[in-house]
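S.K.: My questions concern the predicted model and sequence given below.
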Amino acid sequence: MADKTLVCQDCKKEFVFTEREQEFFKEKGFESEPKRCMECRKARRQQKKPR
């Protein structure tokens, strides 16, 4: 596996899906690549948390 450059579906910025992250996704059984960069993933998680 090699690092992959992906484009965030929210902010449209390119981000790197590292080899290490790919291994983590595989270990967890995730079949698809992330659609959002880390910043957008964090922001989305914050929005979903109950207050």
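M.R.: Ah, there it is.

S.K.: what residue is smack in the middle of the protein?
M.R.: Centroid-nearest residue in the chain, with Cα atoms, centre = their mean: Pro34, separated by 3.7 Å.

S.K.: Roughly how far does that residue sit from Pro50?
M.R.: 24 Å (Cβ to Cβ, to the nearest Å). Placement of C-beta: from N, CA and C, glycine included.

S.K.: and what of Arg44?
M.R.: Counting by Cβ to Cβ, the gap from Arg44 to Pro50 is 14 Å.

S.K.: what's the neighbour count on Lys4?
M.R.: 13 (other Cβ atoms under 10 Å).

S.K.: That one contacts Gln22, correct?
M.R.: Yes. Using Cβ atoms under 8 Å, Lys4 is in contact with Gln22, at 7.4 Å.

S.K.: Which one's more surrounded, Arg44 and Pro50?
M.R.: The residue with more neighbours, out of Arg44 and Pro50, is Arg44; 11 against 3, by other Cβ under 10 Å.

S.K.: Does the more buried one touch Lys35 like I think?
M.R.: No. Applying Cβ under 8 Å, one finds Arg44 not in contact with Lys35, separated by 10.3 Å.

S.K.: isn't the residue nearest to the centre of the chain right next to Lys28, touching?
M.R.: No. Between Pro34 and Lys28 there is no contact under Cβ under 8 Å: 11.8 Å.

S.K.: which stretches of the chain form strands?
M.R.: Using DSSP state E, the strands of the chain run over 4-7, 14-17.

S.K.: partners of the first one in the sheet?
M.R.: The pairing partners recorded for strand 4-7 under DSSP bridges are strand 14-17 (antiparallel).

S.K.: Can you tell me how far Asp3 is from Ala43?
M.R.: For Asp3 relative to Ala43 (Cβ to Cβ), the value is 23 Å.

S.K.: Give me the more crowded residue out of these two.
M.R.: Ala43 (14 against 11).

S.K.: quick one, helices of this structure?
M.R.: Shown for the chain, the helices assigned by DSSP state H span residues 19-28, 38-48.

S.K.: rewinding a little: once you drop chain neighbours, what's closest to the residue nearest to the centre of the chain?
M.R.: In space, Pro34 comes closest to Phe17 once its chain neighbours are excluded; the distance is 6.3 Å by Cβ to Cβ, 6 or more residues apart in numbering.
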